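Novice: Coordinates for the following, if possible.
(2 chains)
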Amino acid sequence: MTINIKLQNFEGPFDLLFHLIEKNEVDIYDIPIADITNQYLEYIYEMESLDLEVASEFIVMAATLLQIKSKMLLPKQKRDLDELAADDEDPRAELVEKLIEYKKYKEVSNVLQKREDVYSKLFYKDAEIIDDIEEKEIFLNITLDDIVAAFTDILDKHIKDNDGKNALEEQIEREEFTVDEKIDYIEDLVKYKEKIYFTDLFPSDCSKAEVIVSFLALLELIKDRKVKFYQSKTFSDIIIECL
Amino acid sequence: MDNDSIVYKQIEIENNEMPIDIKEAKAIIEALLFTAGEALSLDDISRVIQLNKKSIKVIIDEMIDEFNLDRRGIQIIQFNDKYQLATREEHAEYIKRLLKPHGKQSLSRAALETIAIIAYRQPVTRQAIDFIRGVKCDRVLANLVEKRLIKDAGRLDSPGRPILYETTDEFLKYFGLESINELPKLEEFNEIIEQESACSEDNY
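Specialist: Residues are numbered from 1 along each chain as shown, chains lettered A, B, ... in the order given. Got it, this is the predicted structure:
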């Protein structure tokens, strides 16, 4: 049987098999394995002769078909396939099952494609981008430099107030407080007081470590957009508000 | 009218400070859907209007019917209990003339088959999909994830801990489904396949 194979681009071995099954108008529940296997192999050879790379899945399927074909050729007591002995399985069964399973999903994909055609014609409005506004509110009139300057002032003031006592620690003490604790502390404080000054966060008798941890906590809260802060005018104290 | 009394009764039970009438509620919901742009859930709306979800669903169902009856240019679509404003497909032509949008690329056959498998078998691994289709579907999966039609839904507790895939709300919206259950049952396709095979037998 000569087959005029127009080299269709089959995406996978099942595609090719379906093509052959349809082309030969074969009953999927009773595939003439020998015929189909031969045609399948002819296709593979054709591809290779044209120097087209044949994906490994095709080769695996070829091997499977050959295996099934050979099983079918083995002499059996009953070759009448209408009555299969209880322990005599149709060697094609597993393949047919897989083909049918795949066919079902192919049918579904047809249904989906029709729906896609219809519903791709609907238009929607994108979500409003509200983030921009928030961002402006958080950093009114403040640059990072302002924050750093304010912080440096506090440290200096702190050192001055303590007569340089806590400036240099001979022993590095364990940190008694964590950033997480300070985050909670500042959040609570801001919620309770609604509006606090940057300087309120640092009572003057706290250690330098505590000041730094507080500052880090504040930065975290800003990053998570839990607080907003601003200056009413340049160099004035920074106000922190609940968001 | 019966409908109204149900809603009003529910408002009383809720003990709202400001009982609003239905027309007002509908207008507010329309405004919310418009400004949100993206889909809103019953939770979202109920949080804003302070009406219970059952009432809101009743109201929105009415709105959907009204919009359809009046042939409004906008319809309310629903998927997975979320609602969104959308245009109608019959007006697509005009909208395209106005917007000249990038041609929406439709999905390839491979993508459709893959997503069909995921829709019915979710959560499902890449390997399971490969097995059914007889080909590797890595690229297709990446494409579908990028289009947000499927998502990573955890990992299977087996060697290699492969990723499990599920369809998303976007998937429902893309194919105009209100829920996953709207998909036809797979058994229906058994019949189609058997009919086809019967035909080929006759041809023999």
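
Novice: Tell me where chain A has helices.
Specialist: A:13-23, A:33-49, A:56-73, A:93-119, A:131-138, A:144-161, A:179-193, A:208-223 (DSSP state H).

Novice: Not counting its neighbours along the chain, what's nearest the most centrally placed residue in chain B?
Specialist: Centroid-nearest residue in chain B: residue B:172, 2.8 Å away (criterion: C-alpha atoms, centre = their mean). Leaving aside its sequence neighbours, residue B:172 sits nearest to residue B:79 (C-beta to C-beta, 6 or more residues apart in numbering or on different chains; 3.7 Å). Bear in mind the C-beta positions are built from the backbone N, C-alpha and C, glycine included.

Novice: Could you look up the next helix or strand downstream of the lowest-mean-pLDDT helix or strand in chain B?
Specialist: Lowest by mean pLDDT, DSSP states H and E among the helices and strands of chain B is helix B:2-14, with a mean of 49. Per DSSP states H and E, the first helix or strand lying C-terminal to helix B:2-14 is helix B:22-36.

Novice: How about the helix or strand following that next one and chain A, touching?
Specialist: Once the chain leaves helix B:22-36, the next helix or strand it forms, by DSSP H and E, is strand B:40-41. No. Remark: strand B:40-41 sits outside contact range of chain A, by C-beta under 8 Å from any C-beta of the partner chain, the gap being at least 10.3 Å.

Novice: tell me what the helix or strand following strand B:40-41 is packed against?
Specialist: Sequence order places helix B:42-49 as the next helix or strand after strand B:40-41, per DSSP H and E. Judged by 3 or more C-beta pairs under 8 Å, 6 or more residues apart in numbering or on different chains; DSSP states H and E, the packing partners of helix B:42-49 are helix B:22-36, helix B:53-69.

Novice: re the thing from before, from residue A:9, how far out is the residue nearest to residue B:172?
Specialist: Distance of residue B:79 to residue A:9, computed by C-beta to C-beta, to the nearest Å: 35 Å.

Novice: One more: residue A:89?
Specialist: Distance from residue A:89 to residue A:9, by C-beta to C-beta: 34 Å.

Novice: Neighbour count: these two, which is higher?
Specialist: Using other C-beta atoms under 10 Å in any protein chain shown as the criterion, residue A:89 and residue A:9 rank with residue A:89 on top: 11 against 6.

Novice: any idea how chain A splits into domains?
Specialist: Split into domains by automatic domain parsing, chain A comes to A:13-78+A:88-119, A:131-242.

Novice: I should have written chain B there, sorry.
Specialist: According to automatic domain parsing, chain B comprises the domains B:2-92, B:109-203.

Novice: starting at the chain centroid, how far to the longest one?
Specialist: For domain B:109-203, the distance between its averaged C-alpha position and the chain's averaged C-alpha position is 16 Å (C-alpha atoms, centre = their mean, to the nearest Å).

Novice: can you list the helices of chain A in TSV and add distance to residue B:112, mean pLDDT and mean neighbour count?
Specialist: Below are the helices of chain A laid out as TSV (distance: least, C-beta to C-beta, whole Å; pLDDT from 0 to 100; neighbours: other C-beta atoms under 10 Å in any protein chain shown):
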stretch	distance to residue B:112	mean pLDDT	mean neighbour count
helix A:13-23	13	88	19
helix A:33-49	24	87	16
helix A:56-73	19	88	16
helix A:93-119	4	91	17
helix A:131-138	35	54	11
helix A:144-161	51	81	14
helix A:179-193	49	84	15
helix A:208-223	42	83	18
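
Novice: Please tabulate these in CSV and include distance to residue B:90 as additional columns.
Specialist: Formatted as CSV, the helices of chain A follow (distance: least, C-beta to C-beta, whole Å):
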stretch, distance to residue B:90
helix A:13-23, 35
helix A:33-49, 45
helix A:56-73, 43
helix A:93-119, 10
helix A:131-138, 35
helix A:144-161, 54
helix A:179-193, 53
helix A:208-223, 48
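
Novice: Residue B:144 is nearest to which of those helices?
Specialist: Distance to residue B:144, taken as C-beta to C-beta, is lowest for helix A:93-119 among those, at 12.2 Å.

Novice: The closest one close to chain B?
Specialist: Yes. Using C-beta under 8 Å from any C-beta, helix A:93-119 reaches chain B at A:98, A:100-109, A:111-113, A:115-119.

Novice: Which secondary structure elements does that helix sit against?
Specialist: Helix A:93-119 is packed against helix A:13-23, helix A:56-73, helix B:109-121, helix B:126-133, helix B:169-174, helix B:186-203, with contacts defined by 3+ C-beta pairs under 8 Å, 6+ apart.

Novice: 7 Å instead, please
Specialist: With contacts defined as 3 or more C-beta pairs under 7 Å, 6 or more residues apart in numbering or on different chains; DSSP states H and E, helix A:93-119 has these neighbours: helix A:13-23, helix B:109-121, helix B:126-133, helix B:186-203.

Novice: Pick out the shakiest of those helices, pLDDT-wise.
Specialist: For these, mean pLDDT drops lowest on helix B:186-203, to a mean of 70.

Novice: Which residues belonging to stretch B:153-172 are considered buried?
Specialist: Within stretch B:153-172, the residues scored as buried using 16 or more other C-beta atoms under 10 Å in any protein chain shown are B:163-169, B:171-172.

Novice: Need the contact partners of that stretch.
Specialist: For stretch B:153-172, contacts defined as C-beta atoms under 7 Å, 6 or more residues apart in numbering or on different chains pick out B:79-80, B:82, B:115, B:118-119, B:122-127, B:141, B:148-152, B:179-180.

Novice: out of those, which are buried?
Specialist: B:79, B:82, B:115, B:118-119, B:122-126, B:141, B:149-151.

Novice: now, among those residues, which is nearest to residue B:46?
Specialist: For these, the nearest to residue B:46 is residue B:82 (12.7 Å; C-beta to C-beta).

Novice: tell me the angle whichever strand or helix holds residue B:95 makes with helix A:93-119.
Specialist: Assigned by DSSP H and E, residue B:95 belongs to helix B:92-99. Interaxial angle of helix B:92-99 relative to helix A:93-119 (axes from the mean of the first three to the mean of the last three C-alpha atoms, to 10 degrees): 60 degrees.

Novice: Give me the contacts around helix B:92-99.
Specialist: Contacts with helix B:92-99, where a contact means C-beta under 7 Å, 6+ apart, come from A:121, A:123, B:87.

Novice: Sort out for me which of the residues you listed are in strands.
Specialist: If you go by DSSP state E, the contacts of helix B:92-99 have residue B:87 in strands.
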